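Chemist: the sequence isn't on hand, but the structure is:
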């Protein structure tokens, strides 16, 4: 009787091998579930952080492109002028369904480096997309504060001076342009007869980053879009120097006949150079050589009112 009682006591106070294996198995399942949950949570957190970084990169790139487009300016070439001698242009080409991937234009978005001396905010800007040969693209911006002496339709290369990398690892980039007929197009050339000396009304910028993990599962890359108005209309420099166009000229012709030109020596003459030095923003659209040729003339002689210069 005592031997059986001792055996039962040992059995009741110890675990069998099967019980130990069952405990190990349950602990393993719990640990595996916790690790899997942690990995899923970590992947979701990393994906959310990557989407945030990607959104910031896209916003920064779209802001820079939109700023240049919204500040686009174009001077109409005189009808008798040689188109090749006219440096002003708005060019968009090489569209692939998303929009033009190459842009070249004159913009008034340049920030002057000093406030002490008059400095133009004009710059020639180009946006180009390069391909590494494996489907991944990079977006570059080129700019120069000097307009060329003649028409230049060529685009710089990524290794050219003045080119900055704006975004890389792109799946696509394109700009669509809105014409006056209300149609969106993927190309624009202000030097052609159809769009001669004209700017589009608005632009739609689309940008998408490459996602290698998403491509493995056949997912389309996420894209960002930005629409921007192009408020400036082509500037008729010849009409400006002659004293306005359209309604302004009609009002001048129908105005008081007594408002005859007063000889220069009988009136307080403000020269174009004096006005440009005091208010440089008024003549920012003029090329330096044009401004130099008329700087000693009175502002009223070139058809500009004196009031803004006082």
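Modeler: Noted; the coordinates are in hand. Treat the numbers as computed from the prediction; the structure is a model and nothing was measured. Numbers count the residues shown, from 1 in each chain.
Chemist: quick check: end-to-end length of stretch 148-155?
Modeler: Start and end residues of stretch 148-155 are separated by 13 Å (Cα to Cα, to the nearest Å).
Chemist: so which strand or helix has residue 25?
Modeler: helix 17-70 (DSSP states H and E).
Chemist: where does the stretch 51-200 of the chain have low pLDDT?
Modeler: 112-119, 193-197 (pLDDT under 70).
Chemist: let me see the contact set for the residue lying closest to residue 148 once chain neighbours are set aside.
Modeler: Among residues not flanking residue 148 along the chain, residue 87 sits closest, at 4.8 Å (Cβ to Cβ, 6 or more residues apart in numbering). All C-beta atoms are positioned from the backbone trio N, CA, C, and that covers glycine. Going by Cβ atoms under 8 Å, 6 or more residues apart in numbering, residue 87 touches 147-152.
Chemist: what do you get if the cut-off is 10 Å, keeping everything else the same?
Modeler: 75, 77, 106, 124, 146-152, 287 (Cβ atoms under 10 Å, 6 or more residues apart in numbering).
Chemist: same check on residue 82?
Modeler: 150-151.
Chemist: dihedrals phi and psi, it?
Modeler: Per-residue torsions, residue 82: phi -70, psi 120 (degrees, to the nearest 10).
Chemist: tell me the spacing between it and residue 275.
Modeler: 30 Å (Cβ to Cβ, to the nearest Å).
Chemist: all strands of the stretch 101-250 of the chain, in order?
Modeler: Secondary structure of the stretch 101-250 of the chain (DSSP state E, counting those that start in this stretch): strands at 123-131, 137-144, 163-178, 184-185, 188-189, 202-209, 223-229.
Chemist: need those strands in a markdown table with mean neighbour count and distance to residue 25, can you?
Modeler: Output for the strands of the stretch 101-250 of the chain, formatted as a markdown table (neighbours: other Cβ atoms under 10 Å; distance: least, Cβ to Cβ, whole Å):
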| stretch | mean neighbour count | distance to residue 25 |
| --- | --- | --- |
| strand 123-131 | 20 | 54 |
| strand 137-144 | 19 | 52 |
| strand 163-178 | 19 | 45 |
| strand 184-185 | 14 | 63 |
| strand 188-189 | 20 | 69 |
| strand 202-209 | 21 | 45 |
| strand 223-229 | 15 | 48 |
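Chemist: among the ones you listed, which comes closest to residue 36?
Modeler: Residue 36 lies closest to strand 202-209 among these, at 28.8 Å (Cβ to Cβ).
Chemist: elements contacting the closest one?
Modeler: Secondary-structure packing of strand 202-209 (3 or more Cβ pairs under 10 Å, 6 or more residues apart in numbering; DSSP states H and E): helix 17-70, strand 100-107, strand 137-144, strand 163-178, strand 184-185, strand 223-229.
Chemist: no further questions, thank you.
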